[in-house]
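Asker: I'd like to go over a predicted model; first the sequence, then the structure.
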Amino acid sequence: HRLHSSRGEMTTQSLQLKVNRLLSSNVSIASTGMITCLKGISEFIPEGGNDLKARRRLQHQLEAKDLEHCKDLLNRFSKVSAVLESASRALDELSDIVDQTAMKVEDAGKGSGSLVERASKLEAEKSAILGKSRVVHQLLEQFQLQPHHSQALEGAQVNEHMLTAMERVNSIRSNCHVLLESYQRVGIEMVDKLAKKQEKAYRTLFHWAQSQVPKFAEYSSSGANMNPLFFRGLRLLRERPAYFSHCLDMIADARRVAMIKRFIGALCRGGPNGQPRPIEIHAGDPVRYISDMFAWVHQALAMEREFLGGVVMESTGDSRQMPAKREGEEIKSSPVEEKNEKKAMGEAQLIGAVSRVLEGVARPLSVRVEQSLVFQPSITLSYNLLCILEFYYGTLRPLVDPAGSFLKAVKELVSKANSTFGKLIDSQAKQLGNAAAPYTHDLSPPQSIQSMIDQISNLLKIHEASLVPSAEKNHIFVPKLQKIVKAVKESAIASSEGLDGTNKTVFYLNVLCALEMALQTAETQVRSVKNAISTEVKSKLGDLVKSQSDEFLSRAGLLPILRTVNKWKQDGKSKNMESMGLSETALKRGIGEFYTYLVGASTLLTPEMDRVGDPWIRVTTREGVGLITSESYKSLYQTVLDAFGKEKGRSIMKHDPDQIKSLLDL
């Protein structure tokens, strides 16, 4: 009983520990899973309660259930075991077969080693032969013509196949030049073999190009309808400069004939439906007539440059390939330099061709311009025509051949226009010098001088409006302008004969001022001529101020006193002023007369000054006279005070210099 009690206590403690462990764990007793498990276990507890007998019975049931499960597992696994044993036997049989096969393969490998080695050698030989075949093929492509190329070269018809064959020949010849450096005999043989075929093809191409040239006169400047084969042919003919130059000359000749017809049509018939009108209609207006003719020529030149530029520049492409640079070899010229050389050569050929085309209009253009120059005697019109010719000469000069007959004709026209202008200038200058016009009543420039001054003004307007570069037009115009100005001044001097001093100066100043006004311009070199006139005006103005000052001081009675005082000063003030006639009484009388005249004078100038045309001259002269009078009085005032003392001097000189300056409105 005690033993039973001790076991019960141990069981209770063990159960208590398990319950405590369960309670202390994270498992929630109230969870659905825990409740389900406890319900399942409660089914094994008999209704009598959880006593020792019940637990033993439960243990026997569990062991019986476990045994039942083990037997069921053995029954089910027996089938799997049988399958595994069958698979094991099959694997063993397969392993035996594999071992036998490996032995056979090993025996076969030992027997076929020599065969594989021989196959490898044959493969290497095959690769080497294919490489050599490719090299030979490339060599043949570079140095041998295809049969269809040879057939095209020997044919008499120029078509795309023939031109392609000729380009191929040029490529082969270029490659042969490289080959000659290392294999001369082979290279020479190849070149000789191609030479005959090539020359025959070039002759055929040249004759075909000649037959195409007459069609060029019918094409417009765009050349849109031209045969594209012709451009390829010209590009190939560049390899034969004689053939190419001859074709280009024939093209230029055909275009020249067409241009002559178009020029005559523009002169006489005008454009389609009468627009634009014929140029000859404006023959009575030389400026428009010559301008229209040169404008037409300039437009025609632009069209010809566009057309012939398409012909020449399309043929500047090099049909030969550049030789490859080999190791240790230097190419003489870079591709850029060669391209620039071709471009320069093409531009030179284009200029030559355009010049050849324009030669046709040189003669009719020169005849009409010369007629306009001969029958127009006006200086301004002559210079206007000269500026037009100078402008178009400078515009056309870079576009045509300087040695060509067209540019020479234009240059000759410029020279004749310059000569005509110079002769008219000389004639007008001589006419002014030989027949000096008498001076006018109001001392203004005579009609002949004023007419020449107006022409100078018109010439300057034309000069400023001219589009010729300043250096070029000034080189022609300034010397002739100086000649005209000199003639005007000489004529003015001759016309002023018979006038007294002031009137002569006023007349000459009026002419100079009119010249100065006419020479108003922004041109630097022309301004130098105007500046020379302005300097002369200032010089004459100074003389006029001096003469007007002496005249005013003389009328005011102050000039004799000033001269006596100046002589007294020059003598070193050794004598008494009274001994020289300047006593106190004489000074008071003379100074009083000066005060009286100054207060009553309405102007400081003589009546001749009213004839001065420029108001600025009159104002400047009056200011100059006032300043000289003021300075003279100031000098006399100080001298009198020094000679007679301040008290007596002030009794003589009743007004100080500032008061006199106020009276003079300075």
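Answerer: That came through fine. Numbers count the residues shown, from 1 in each chain.
Asker: how many residues are close by A124?
Answerer: By other Cβ atoms under 10 Å, the residues close to A124 number 10. Where you see a C-beta, it was placed from the backbone N, CA and C, and this is true even at glycine.
Asker: equivalent analysis for S405, please.
Answerer: 17.
Asker: now do K486
Answerer: K486 is flanked by 13 other residues according to other Cβ under 10 Å.
Asker: same check, this time on L389
Answerer: Neighbour count of L389, defined by other Cβ under 10 Å: 23.
Asker: OK, contacts around it?
Answerer: With contact taken as Cβ atoms under 8 Å, 6 or more residues apart in numbering, L389 is in contact with I290, F294, V369, V410, L413, V414, A417.
Asker: tell me the buried residues within those.
Answerer: I290, F294, V369, V410, L413, V414, A417 (16 or more other Cβ atoms under 10 Å).
Asker: out of those, which sit inside helices?
Answerer: Using DSSP state H, the subset of these located in helices is I290, F294, V369, V410, L413, V414, A417.
Asker: tabulate the residues you listed (JSON lines), appending pLDDT and distance to A283.
Answerer: Below are these laid out as JSON lines (pLDDT from 0 to 100; distance: Cβ to Cβ, whole Å):
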{"residue": "I290", "pLDDT": "91", "distance to A283": "10"}
{"residue": "F294", "pLDDT": "92", "distance to A283": "14"}
{"residue": "V369", "pLDDT": "91", "distance to A283": "11"}
{"residue": "V410", "pLDDT": "92", "distance to A283": "19"}
{"residue": "L413", "pLDDT": "92", "distance to A283": "16"}
{"residue": "V414", "pLDDT": "92", "distance to A283": "21"}
{"residue": "A417", "pLDDT": "90", "distance to A283": "17"}
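Asker: nearest to V213 among those residues?
Answerer: Closest approach to V213 among those (Cβ to Cβ): V410, at 27.8 Å.
Asker: any idea how far V400 is from the closest residue to the closest one other than its chain neighbours?
Answerer: The shortest distance from V410 to any non-neighbouring residue, by Cβ to Cβ, 6 or more residues apart in numbering, is to Y393 (5.1 Å). From Y393 across to V400, the span is 10 Å (Cβ to Cβ, to the nearest Å).
Asker: now do the shared contacts for these two.
Answerer: Listed as contacting both Y393 and V400 by Cβ under 8 Å, 6+ apart are L407.
Asker: on that earlier part again, touching, the residue nearest to V410 and A409? I think so.
Answerer: No - proximity of Y393 to A409 does not meet the contact threshold set by Cβ atoms under 8 Å, at 10.3 Å.
Asker: and which of the contacts of L389 is nearest K489?
Answerer: Nearest member of the contacts of L389 to K489, counting by Cβ to Cβ, is A417, at 27.0 Å.
Asker: quick one: residues contacting that closest one.
Answerer: Counting by Cβ under 8 Å, 6+ apart, A417 makes contact with L373, S382, L385, L386, L389.
Asker: how near is it to F263?
Answerer: A417 is 21 Å from F263, by Cβ to Cβ.
Asker: swap in E125?
Answerer: Separation of E125 from F263 (Cβ to Cβ): 78 Å.
Asker: likewise A124?
Answerer: With distances taken as Cβ to Cβ, A124 is found 79 Å from F263.
Asker: contacting residues for I628?
Answerer: Counted by Cβ under 8 Å, 6+ apart, I628 has contacts V545, K546, S549, L553.
Asker: between E125 and F263, tell me which one has more neighbours.
Answerer: Between E125 and F263, F263 has the larger neighbour count (other Cβ under 10 Å), namely 20 against 10.
Asker: show me what counts as buried in the strand or helix carrying the more buried one.
Answerer: Counting by DSSP states H and E, the element that carries F263 is helix 241-268. For helix 241-268, the neighbour count (16+ other Cβ under 10 Å) marks 243-244, 246-248, 250-256, 258-260, 263, 266-267 as buried.
Asker: got it, and stretch 467-480?
Answerer: For stretch 467-480, the neighbour count (16+ other Cβ under 10 Å) marks V468, K473, N474, I476, F477, V478, K480 as buried.
Asker: let me see the mean pLDDT of it.
Answerer: Averaging pLDDT along stretch 467-480 gives 87.
Asker: give me the contacts around that stretch.
Answerer: Residues outside stretch 467-480 that contact it (Cβ under 8 Å, 6+ apart): 383, 386-387, 390-391, 394, 418, 421-422, 425, 459, 463, 466, 523-526, 528-529.
Asker: how far does it sit from its chain's centre?
Answerer: Chain-centre distance of stretch 467-480: 26 Å, with Cα atoms, centre = their mean, to the nearest Å.
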